[in-house]
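Chemist: Output the structure for:
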Amino acid sequence: MIDIAFGARPDAVVDASSGVDDGVTGHDRWLRAVALGASGHYARALTELQRSRAATAAGPHSSALLSLVASTQASHLRQCGRHADARRLDGDALALAVAAPPSPTATSATADALVGLAADHLGLAAFDVAERLLDRAVSGSADRDGIGRAESEGDAHLWTWVHGGRLALRAAWVRTELCLYRGDPVGARRSADTAIAAAQGCPSVRHVLKTDLIEAATRATCGDIGGAIDLAADCVRGADCLGLDPLRWAAAALLVGLSPHLDQPTSRWADEQEARARRAVNARGGHLQPAR
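Modeler: Numbering: from 1, shown residues only. This next block holds a predicted model:
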């Protein structure tokens, strides 16, 4: 399941699970929720997150997992524009993470919650707060040495990245977006370059595509409109092929925003892709709004 959630197979089918007592651990249900959310199956993902909580005994040793569950639910809300609701869940995630005994998972859960909170405040136009949260996330990020404790030994390299490199990449995405919102193309270019460097050797094709989308937005802000259009269109196609409808919608929405620079066939195609992705996600529990 980790290879679907964070690896090379995001297009693989996530089988429907049954109730709480079917032998599936809370950790496995969290991975299912991550994979389902990436493909825009938000209602099914929420069910898995709820079952993960129910399957996880309360206590300090489960706090890190419960923090990741809360952060994941927050990210799904944030992707649909519900930043205030996401902020509450990310706050819960941070409280759970800092209450957990020291471990690589607890450290990465703390960083996840802080980056999520930064993204929430960015969406609420609290830019200074977002910057301070990002600074905290980076200063307290996990030491990557030995992080690959193997829930499954064969997947140790993926867990190393999940608890290490993924966090640096997420922070670079949000810092780039912060610069874009502030109208700082120089800072955006610098942070986007950091994200590109962090994505080198990244095992998750979904995260590589998201990095490309951040780069496309940066190019547009820095005046490379043609480069932005080409890369955003590639993101739409790549996300479509992999069934990553939320990412397809975001890339198509960026293209729609660049419509004054598009020829008529490309503009029509961007509108169609945005509408199809939005309808697909909203039919599965999302709340995406039209790009125009």
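
Chemist: only C-alpha atoms for contact and neighbour calcs from this point on.
Modeler: OK.

Chemist: quick one, helices of the chain?
Modeler: Under the criterion DSSP state H, the chain contains helices at 2-6, 26-38, 42-55, 63-79, 83-99, 104-123, 127-139, 156-162, 165-182, 185-198, 205-221, 225-242, 245-257, 264-282.

Chemist: Mean pLDDT lowest where, among those?
Modeler: Here the lowest mean pLDDT among the helices of the chain goes to helix 156-162, at a mean of 88.

Chemist: Next, the buried residues of that helix.
Modeler: By neighbour count, with 16 or more other C-alpha atoms under 10 Å as the criterion, the buried positions of helix 156-162 are 156, 158-162.

Chemist: which one among those gets closest to D112?
Modeler: Within the buried residues of helix 156-162, proximity to D112 (C-alpha to C-alpha) peaks at V162, which comes in at 10.4 Å.

Chemist: re earlier: let's have the helices of the chain in CSV, adding distance to A291.
Modeler: CSV is the format used below for those (distance: least, C-alpha to C-alpha, whole Å):
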stretch, distance to A291
helix 2-6, 27
helix 26-38, 20
helix 42-55, 20
helix 63-79, 13
helix 83-99, 17
helix 104-123, 16
helix 127-139, 23
helix 156-162, 31
helix 165-182, 17
helix 185-198, 23
helix 205-221, 15
helix 225-242, 14
helix 245-257, 5
helix 264-282, 7
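
Chemist: picking that back up, redo the buried residues of helix 156-162 as JSON lines? Include distance to L231.
Modeler: As requested, the buried residues of helix 156-162 are exported to JSON lines (distance: C-alpha to C-alpha, whole Å):
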{"residue": "A156", "distance to L231": "32"}
{"residue": "L158", "distance to L231": "27"}
{"residue": "W159", "distance to L231": "29"}
{"residue": "T160", "distance to L231": "29"}
{"residue": "W161", "distance to L231": "25"}
{"residue": "V162", "distance to L231": "26"}
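
Chemist: Nearest to V98 among those residues?
Modeler: Of the buried residues of helix 156-162, the one sitting nearest to V98 (C-alpha to C-alpha) turns out to be V162, at 18.5 Å.

Chemist: Please name the residues that touch the closest one.
Modeler: For V162, the contacting residues are F6, by C-alpha atoms under 8 Å, 6 or more residues apart in numbering.
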